[in-house]
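Colleague: Would you be able to build a 3D model of this:
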Amino acid sequence: MKQRLKRVVSFIFYITGVTALVFRAVFSRKNQVLILLYHQIKMPGNSYEAAVSGENFERHMQFIAKKFKVVSLGDALEIMRRGEIADKPLAVITFDDGFRNNFKTAFPILTKYSVPATFFITSGSMDNHEPLWTAKVEYYFKQTSLNCLVLETLPMSCAFDLADTSKRFRACQTVKTAMKKVSDDRRRLILEEIENMIGLGSAAGHELSSEMLSWDEVRKMTADPLVSIGSHSESHRMLANTPNNVMMDELTHSKIKIEAEIGKRVRFFSYPGNSYNNQVQQCVLEAGYEAACAVDQEICVWNGDLFKLKRVHIEDGGLDYFLAQITLLMNRVRKRTNLYDRG
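Modeller: A predicted model of the protein is given here:
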């Protein structure tokens, strides 16, 4: 309901000219850079996937290439450091996780419009094709035939109604949020309980293992000067809940592995699950990274924290919904009303 309402409102704003007015106001400011975050570029099969269709992604890139000066993340930080004022608003394109469709679908579109991009990859998944734990959870809730699921390993034991698709989606989101806040050991226990209750563990591993990039595909992309590769950790751990020694291994092993595979320096990091705090930021600095990206649904301003670069996560939708997202129009509406808190 909330998603449908957001899309209806964004369309009304678009056709009435409100979005265009907000766009001009927001991007008239020159001391900022819009950093976009994508995950998968494929037709979203359901509500579980953070995916944008190839058709809509091309619409986004065509618009961005026309209306913005699109630069690499490294160039954006240098422009910020020098305090330069560009003739167009600045934009940076980033991807998290390292899905194969980034290479097969997104990369050709980026080259078509000469748009630079940074891909933050989870190095362990490149090595062993192990699906991310978040992808497994989404798969289990999407595929289960259970009408009810009781999880005793969650911090607070819960019973979830799975009677229809919307209820399964809400349950999935609740479980993922809870799993992001616990230790690695607790997260593994929760995942094992879900696998045992739903019984799709082997199917998930088989189906999801082919979704991650290979090192050959990563190298093919990095041969293009438009592409830079960053680290998204070694195994997608929630770093804010990880002991320092394990965290440093996640940060350094990933950096070293990616650099060895692509033959280029890895300068930037992206926090898995947006899980970070002051200690995590300090460890990222000590591991040799120059900056790190978060997901705060805000536009990044000059003189901000280099280890908390703000990004706007993009959901699937046409140009009207895309513009509502990059202008933060829906956020502005939500702050002024209780429109999306109803039903």
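
Colleague: Thought residue 160 was touching residue 174, still the case?
Modeller: Yes. Assessed by Cβ atoms under 8 Å, residue 174 is found in contact with residue 160 at 7.4 Å. (Each C-beta comes from the backbone N, C-alpha and C, glycine too.)

Colleague: The two: which is more packed in?
Modeller: Neighbour count, other Cβ atoms under 10 Å: between residue 174 and residue 160, residue 160 has more, with 20 against 14.

Colleague: The more buried one belongs to a strand?
Modeller: Yes. Checked against DSSP: H, G, I helix; E, B strand; the rest coil, residue 160 lies within a strand.

Colleague: so what's residue 328 up against?
Modeller: By Cβ atoms under 8 Å, 6 or more residues apart in numbering, the residues touching residue 328 are 26, 297-299, 312.

Colleague: Show me which of these are buried.
Modeller: Burial by neighbour count, 16 or more other Cβ atoms under 10 Å: within the contacts of residue 328 this picks out 26, 298-299, 312.

Colleague: All the helices of the stretch 201-343 of the chain, residue numbers only.
Modeller: For the stretch 201-343 of the chain, helices defined by DSSP state H, counting those that start in this stretch occupy the ranges 201-208, 215-222, 244-262, 278-286, 319-326, 329-336.

Colleague: Could you pull up the residues touching the residue nearest to residue 214 when sequence neighbours are not counted?
Modeller: Beyond its immediate neighbours in the sequence, the residue positioned closest to residue 214 (Cβ to Cβ, 6 or more residues apart in numbering) is residue 126, lying 6.7 Å away. Residues in contact with residue 126 (Cβ under 8 Å, 6+ apart) are 98, 212-215, 218, 261.

Colleague: so can I have a markdown table of those residues showing distance to residue 306?
Modeller: Shown next, in a markdown table, are those (distance: Cβ to Cβ, whole Å):
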| residue | distance to residue 306 |
| --- | --- |
| 98 | 23 |
| 212 | 28 |
| 213 | 26 |
| 214 | 31 |
| 215 | 28 |
| 218 | 25 |
| 261 | 25 |
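
Colleague: possible to save the residues you listed as TSV with pLDDT?
Modeller: Below are the contacts of residue 126 laid out as TSV (pLDDT from 0 to 100):
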residue	pLDDT
98	94
212	89
213	93
214	93
215	95
218	97
261	97
